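In: Any chance you can model this:
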Amino acid sequence: MAGFEKCYDVLSPIKLAHVVLRTNKFEEMAEFYKKFLGAGVEFENEDACFLRYDDEHHRLGILKMNGLLDSGRTAPGLEHIAFTFSSLADLLKVWQQRKDLGVEPVWCVNHGGTTSMYYEDPDGNKLESQVDNFDDPVELQAFIKSDKFRTNPVGTDFDPLDLIKRLQSGEPEDSIKMRVESGPRRFPRYVGERV
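Out: Below you'll find the model as predicted:
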């Protein structure tokens with residue numbers, strides 16, 4: 001694959017197939033992800049739910065496991081799973097659709113490379129919905145290596161309603177997706193923490 005240098009000379013996977021979550025909030029989690037992903041059920045019983053939203057037989061599995069302890073945001077583990085949409089208009093459309101279903105983001109941020117909205121599922125797992133801000137991977141790499149990104153690798157927060165107004169006024173998506181530089185910023189300890 002062009003564009004990056006491998007750290008080790010080993011065979012890489014051809015794609016990420018699926019993610020499986022364990023939970024003691026099975027019904028809540030299954031319903032949340034059906035809404036969040038706009039997914040269909042490939043299989044579901046009282047202990048497992050396999051969801052699909054594209055050509056893979058399932059992208060997300062949810063397993064019911066009793067006796068699990070809540071880990072909290074400060075425990076080691078998965079930070080987030082990211083899902084890409086094809087345009088800013090689509091990202092804002094799914095934001096509105098999820099909002100109408102009672103699912104709202106905990107953090108909206110333009111990282112520079114992506115415009116992103118972060119959500120939390122009933123177990124506190126973080127999910128990122130994003131749109132790429134650069135069509136050209138070379139331009140993206142240049143941005144990531146820039147002083148602007150080194151100064152602020154986190155990004156600038158935004159209000160989705162502001163982006164919708166700008167889009168509806170006819171402003172081009174490329175202009176809206178340009179990150180507003182806000183100076184130095186450190187990574188939050190957890191998604192949604194105000195820094």
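In: rest of the way, CA atoms for contacts and neighbours
Out: Will do.
In: Using the record's assignment, carve this structure into domains.
Out: Following automatic domain parsing, the chain resolves into domains at 16-66, 79-185.
In: so where does the residue nearest to the spatial centre of the chain fall, helix or strand?
Out: The chain has residue 128 as the residue nearest its centroid, 1.3 Å off, counting by Cα atoms, centre = their mean. In this assignment (DSSP states H and E), residue 128 forms part of strand 126-132.
In: Tell me which strands that strand pairs with, and in which orientation.
Out: In the sheet, strand 126-132 lines up against strand 80-85 (parallel), strand 114-120 (antiparallel) (DSSP bridges).
In: What average pLDDT does it get?
Out: If you average the pLDDT over strand 126-132, you get 94.
In: Show me the contact partners of it.
Out: Residues outside strand 126-132 that contact it (Cα atoms under 8 Å, 6 or more residues apart in numbering): 79-88, 91, 113-121, 191.
In: Moving C-terminal from it, which element do we reach first?
Out: Where DSSP H and E defines the elements, the next helix or strand beyond strand 126-132 is helix 137-144.
In: and the angle from that following helix to strand 114-120?
Out: Computed by axes from the mean of the first three to the mean of the last three Cα atoms, to 10 degrees, the angle separating helix 137-144 from strand 114-120 equals 70 degrees.
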